[in-house]
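Asks: Sequence isn't available, so here's the structure alone:
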């Protein structure tokens with residue numbers, strides 16, 4: 001019974017330690033966000049890239065688009081991520 005308790009404690013400790021290390025990872029790239037009029041549409045990434053027109057230096061990896069609610073209904077928010085570290 002004692003060995004089972006120690007094994008359980010060890011597993012919990014390892015879980016906490018491994019998750020803490022994952023969270024300490026170095027950021028890889030920049031994030032740019034902006035609000036625009038209109039909706040995201042069917043091709044949200046294309047809409048965001050046209051709106052943001054990021055410089056070629058950023059090498060945009062991906063864009064997310066969210067239609068906004070409330071006060072900003074009828075607007076969308078674009079967030080684009082680049083692979084270039086240290087922007």
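Replies: That came in fine, so what should we check first? Predicted model only: the values in this text are computed from it and were never measured.

Asks: Name every strand pairing with whichever strand or helix holds residue 62 and say which way it goes.
Replies: Here residue 62, judged by DSSP states H and E, is contained in strand 60-67. The strands beside strand 60-67 in its sheet (DSSP bridges) come out as strand 75-82 (antiparallel).

Asks: contact partners of the partner strand?
Replies: Contacting residues not belonging to strand 75-82 are listed as 29-40, 44, 47-49, 51-52, 54, 58-68 [CB atoms under 8 Å, 6 or more residues apart in numbering]. Backbone N, C-alpha and C define where each C-beta goes, glycine included.

Asks: Apart from its neighbours in sequence, what residue is nearest residue 68?
Replies: Once flanking residues are discounted, residue 68 sits nearest to residue 75: 4.7 Å by CB to CB, 6 or more residues apart in numbering.

Asks: Show me what that neighbour is bridged to.
Replies: Assigned bridge partners for residue 75, using DSSP bridges, are residue 37.

Asks: tally of neighbours for it?
Replies: Counted by other CB atoms under 10 Å, the residues lying close to residue 75 total 15.

Asks: Quick one: mean pLDDT over the strand holding residue 62.
Replies: The average pLDDT within strand 60-67 is 84.

Asks: How far off centre is it?
Replies: Relative to the centre of its chain, strand 60-67 is centred 9 Å away, using CA atoms, centre = their mean, to the nearest Å.

Asks: quick one: contacts of it?
Replies: Contact partners of strand 60-67, identified using CB under 8 Å, 6+ apart, comprise 29, 39-40, 44-45, 47-49, 52, 54, 75-83.

Asks: what number of residues lie near residue 45?
Replies: Using other CB under 10 Å, residue 45 is surrounded by 15 other residues.

Asks: ugh, typo on my part, it should be residue 63
Replies: Using other CB under 10 Å, residue 63 is surrounded by 20 other residues.

Asks: That one bridge partners, please.
Replies: Using DSSP bridges, the beta-bridge partners of residue 63 come out as residue 80.
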